[in-house]
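A.B. asks: sequence isn't available, so here's the structure alone:
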C-alpha cells in the first residue's frame, strides 16, 4: 500500500510534456497521464514544444515525443528562428540542452525501416510503440521517472559529436 502512495506522490509532482502531431493521441496521453496524477503540458509541433521548454517557468520532468513530426512547410533552422520545426529525435536533443535533467521517451507507430527513411534511428532511449495500452504508458513513464536524471554534460557531448549511438 505504501509503495502505491509513494508512486502517486511522485506522479503528482512530475510534469510531462507530450508532443505529437495527432490531436487525438495528445488527448489520449493527457487524459491517461492526468488520471495517473501527472501534470501534463502538450504541443502539436516541435516548434511549440521548444517554446514551452524555453518559456515554461516550472520544471518539466519528462518529454514524450513522436519521432516523426512533420513540419507545416519547408523551414530552415537558423539563429533568427529559436523554435524550428524538427523531428522528434532532434527535438529531444534540443529540449535536453534547454532543460537540464530532462528525461525522454520516444514514440512512433512507424516501423524501423520507415523511420530510417526519415533519417531517424531509435535506440537506447526508452521507446513506446504506437498503439499502446494505458498500463504500458503509465508503467514506462513511472520507470523512466524513477531513473536518475541524465546529466547535461553527457547530452551536450552526444549532440556535439552527433553521436547517433545516444539515440540509436
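C.D. replies: It's in. Values in this document were obtained by computation on a predicted structure and should not be read as measured data. Numbers count the residues shown, from 1 in each chain.

A.B. asks: and stretch 14-25, how far apart are its ends?
C.D. replies: Distance between the two ends of stretch 14-25: 20 Å, counting by CA to CA, to the nearest Å.

A.B. asks: in it, which residues are buried?
C.D. replies: Within stretch 14-25, the residues that qualify as buried are 14, 16, 17, 18, 19, 20, 21, 25, counting by 16 or more other CB atoms under 10 Å. Any C-beta I mention is one placed from the backbone N, CA and C, and that applies to glycine too.

A.B. asks: from those, which two are the most distant?
C.D. replies: Spatial extent of the buried residues of stretch 14-25 (CB to CB) is set by the pair 14 and 21 at 24.0 Å.

A.B. asks: list the buried residues in stretch 94-105.
C.D. replies: Residues 94, 95, 96, 99, 102, 103, 104, 105 are the ones in stretch 94-105 that count as buried (16+ other CB under 10 Å).

A.B. asks: in CSV: these, plus pLDDT, distance to residue 29 and secondary structure.
C.D. replies: As requested, the buried residues of stretch 94-105 are exported to CSV (pLDDT from 0 to 100; distance: CB to CB, whole Å; DSSP: H, G, I helix; E, B strand; the rest coil):
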residue, pLDDT, distance to residue 29, secondary structure
94, 90, 21, helix
95, 94, 17, helix
96, 92, 20, helix
99, 93, 19, coil
102, 94, 17, coil
103, 95, 15, strand
104, 92, 15, strand
105, 92, 10, strand
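
A.B. asks: what comes into contact with the helix or strand hosting residue 25?
C.D. replies: When secondary structure is defined by DSSP states H and E, residue 25 falls within helix 23-35. For helix 23-35, the surrounding residues in contact (CB atoms under 8 Å, 6 or more residues apart in numbering) are 16, 18, 20, 40, 42, 44, 64, 66, 130, 134, 137-138, 141.

A.B. asks: before we move on, what about stretch 138-155?
C.D. replies: Counting contacts by CB under 8 Å, 6+ apart, the residues touching stretch 138-155 from outside are 7, 10-11, 14, 16, 32-33, 36, 38, 61-62, 64, 93, 96-97, 100-103, 105, 126, 128, 166.

A.B. asks: mind doing that once more with 7 Å?
C.D. replies: In this structure, residues lying in contact with stretch 138-155 by CB atoms under 7 Å, 6 or more residues apart in numbering are 7, 10, 14, 16, 32-33, 36, 61-62, 96-97, 100-101, 103, 105, 126, 128.
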